[in-house]
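Visitor: predicted model, plus sequence, below.
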Amino acid sequence: MRIALSKSRAVRLAVLIALVLLAGLTPAASADTGAKIIERCTHGQSLGGFSQQDYRRALQELPTEVEEYSDCANLIRRAQLAAAGGGAGAGGAGGAGGAPLIPTPLSAAERSALNKVPKSGAAPLRVGGQLVHPGVVHADIASAFSSLPDPLLAVLAFLLACALALGGRAIGRSVRAHRSG
């Protein structure tokens, strides 16, 4: 059974496929609490009032740039401890009167470990309870893909749909030419 599509129907079908793909890329209606916590931290707002699961999620979703160039990871952990009853800075990023918390200084053991880092060469070093391998970058492809902005993902999905539509059209022409020849 052969189905012939006019040009206008093929274009409508390609647009429909692109719209279906775009609908699948849109974020859920409920706000992502992990992203909300990260946003509050980067803007110096209070991090209180979230669940332990929300804090864990925020720490997992913390972008590398934010982790490297801000103290958000420590502030989120402090807010998590405060929510658990640990008492370490209940306000999170904002202390009394909205003033930001001052980061705690490094302990003598941490300072010692950091001083050894440049001299240690390529051997693994234990810093803060974790084994660090110099020069090793742990990359997760799924997190790299999910960190792309939504508009870019939408454009990529549209281009993929167009490529599939054009590929299907080319295959159809090839099959028709093969049958008639």
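Guide: Happy to help now that I have it. As the structure is a prediction and not an experimental result, all values here were calculated from the model.

Visitor: please parse this structure into its domains.
Guide: 31-98, 149-181 (automatic domain parsing).

Visitor: dump these into TSV; add distance to residue 11 as well.
Guide: Where C-beta positions appear, they are placed from N, C-alpha and C, glycine not excepted. TSV is the format used below for the domains of the chain (distance: least, CB to CB, whole Å):
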stretch	distance to residue 11
domain 31-98	35
domain 149-181	8
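
Visitor: pipe those into JSON lines and attach mean pLDDT, mean neighbour count and distance to residue 131 per row.
Guide: Converted to JSON lines, those look like this (pLDDT from 0 to 100; neighbours: other CB atoms under 10 Å; distance: least, CB to CB, whole Å):
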{"stretch": "domain 31-98", "mean pLDDT": "79", "mean neighbour count": "17", "distance to residue 131": "18"}
{"stretch": "domain 149-181", "mean pLDDT": "88", "mean neighbour count": "12", "distance to residue 131": "34"}
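
Visitor: right, and those - which one's nearest residue 128?
Guide: Closest to residue 128 of those is domain 31-98 (CB to CB; 11.1 Å).

Visitor: identify whichever of the domains of the chain lies nearest to residue 16.
Guide: Closest approach to residue 16 among the domains of the chain is made by domain 149-181 (9.2 Å; CB to CB).

Visitor: Provide the backbone phi and psi angles at residue 149.
Guide: The phi and psi torsions at residue 149 (degrees, to the nearest 10) take the values phi -60, psi 150.

Visitor: how much space between residue 172 and residue 37?
Guide: The spacing between residue 172 and residue 37, counted by CB to CB, to the nearest Å, is 50 Å.

Visitor: so which strand or helix has residue 113?
Guide: Per DSSP states H and E, residue 113 falls inside helix 108-116.

Visitor: can you give me the buried ones in that helix?
Guide: By neighbour count on 16 or more other CB atoms under 10 Å, the buried set for helix 108-116 is residue 113.

Visitor: whatever helix or strand comes next after it pairs with which strands?
Guide: As assigned by DSSP H and E, the chain's next helix or strand after helix 108-116 is strand 125-127. With DSSP bridges as the criterion, the sheet partners recorded for strand 125-127 are strand 130-132 (antiparallel).

Visitor: thanks again, I'm all set now.
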